[in-house]
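Undergrad: any chance you could fold what I've pasted below:
(one chain, ligands or ions: 1)
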Amino acid sequence: MTVSRIILIGPPGAGKGTQAARLAEHLGVPAISTGDIFRANVAERTELGQTAQRYMDAGEYVPDEVTNAMVADRLAAEDAAAGFLLDGYPRTEAQVGELDRMLGGAGVNLDKVVEITADVDELVARLLKRAIEQGRSDDTEDVIRRRQEVYADQTAPLVGLYEGRGLLVRVDGLGAIDEVTERLLGALD
Ligand code: ADP
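TA: The predicted structure follows:
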């Protein structure tokens, strides 16, 4: 069986973005990161970017209708027809329902949901380091803490939901980047 429709899920700072890019290259599917798409829209000052920025800078989720429409659009692109790796979506139960509808409409199924796990103190330390290196506007200490709370509250429950569907694999996100990539590839095999 080819594993080509994958969700990466995990708390802020778990390394989803880094690993998504590596896995996508390995699997030959596009990595679709909602955070990256929002940031690109913010940089280009689009209407979507202006809406998203207020929420992102506060550490809150962008409203589901906005995010769902953006993802539906991206998944309809030709390069996602044979597979994709979703990084940062779905993040709410409503988004799970919407993704189910999108995939159902296309007549395809999810293959795997990979949870990258990490300890909260390690996550906060990583994000504070990234704040210094990249200057992301949502990497201040207060906002980082808020993002961890929002994750625990709204996104962590999705792990159990996908586990119930028999799609979940868990991978430890601590360790060297290469090591984690190896673990992920092993889990997807
Ligand atoms: P991180 O994983 O470090 O929280 P991301 O780059 O994935 O960072 O996301 C940054 C911000 O973009 C989130 O805090 C949120 O405001 C917004 N965002 C990204 N994905 C979603 C989503 N699926 N639903 C709602 N908001 C989202």
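
Undergrad: show me what contacts the nearest residue to N41 once chain neighbours are set aside?
TA: Counting by CB to CB, 6 or more residues apart in numbering, N41 lies nearest to G49, which is 3.3 Å off, once chain neighbours are set aside. For the C-beta atoms, the positions are set from N, CA and C on the backbone; glycine is no exception. Contacts for G49 were tallied using CB atoms under 8 Å, 6 or more residues apart in numbering; they are F38, A40, N41, V42, A43.

Undergrad: look up how far the ligand lies from the residue most central in space within the chain.
TA: Per CA atoms, centre = their mean, the C-alpha nearest to the average position across the chain is that of G88, at 1.7 Å. As judged by CB to the nearest ligand atom, to the nearest Å, G88 and the ligand stand 4 Å apart.

Undergrad: which phi and psi values does the residue lying closest to that residue once chain neighbours are set aside adopt?
TA: The shortest distance from G88 to any residue other than its chain neighbours is 4.2 Å, reached at T34 (CB to CB, 6+ apart). Main-chain torsions, T34, degrees, to the nearest 10: phi -60, psi -40.

Undergrad: so where's this structure uncertain?
TA: Applying pLDDT under 70 to the chain flags the ranges 1-2.

Undergrad: excluding sequence neighbours, find me the nearest residue to the residue of it found nearest the ligand.
TA: Nearest residue of the chain to the ligand (CB to the nearest ligand atom) works out as G35 at 1.9 Å. Spatial nearest neighbour of G35, excluding adjacent residues (CB to CB, 6+ apart): G88 at 4.9 Å.

Undergrad: do me a favour and get the end-to-end distance for stretch 113-126?
TA: End-to-end distance for stretch 113-126: 24 Å, by CA to CA, to the nearest Å.

Undergrad: buried residues in that stretch?
TA: Neighbour-count burial for stretch 113-126 flags V113, V114, E115, I116, A118, L123, V124, R126 (criterion: 16 or more other CB atoms under 10 Å).

Undergrad: now stretch 50-69
TA: By 16+ other CB under 10 Å, the buried positions in stretch 50-69 come out as T51, A52, Q53, Y55, M56, G59, Y61, V62, D64, T67, N68.

Undergrad: about what we covered before: in CSV: the contacts of G49, plus neighbour count, secondary structure and distance to A81.
TA: What follows is these, written out as CSV (neighbours: other CB atoms under 10 Å; DSSP: H, G, I helix; E, B strand; the rest coil; distance: CB to CB, whole Å):
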residue, neighbour count, secondary structure, distance to A81
F38, 22, helix, 23
A40, 13, helix, 22
N41, 18, helix, 23
V42, 18, helix, 28
A43, 10, helix, 28
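
Undergrad: who in the chain is up against the ligand?
TA: For the chain, the residues found near the ligand under the criterion CB under 6 Å from any ligand atom are 12-13, 16, 34-35, 38, 55-56, 59-62, 67, 88-89, 91, 95, 138, 147.

Undergrad: try 8 Å this time
TA: Contacts of the chain with the ligand, taken as CB under 8 Å from any ligand atom, map to 10-14, 16-17, 33-36, 38-39, 52, 55-56, 58-64, 66-67, 71, 87-92, 95, 127, 138, 147, 150-151.
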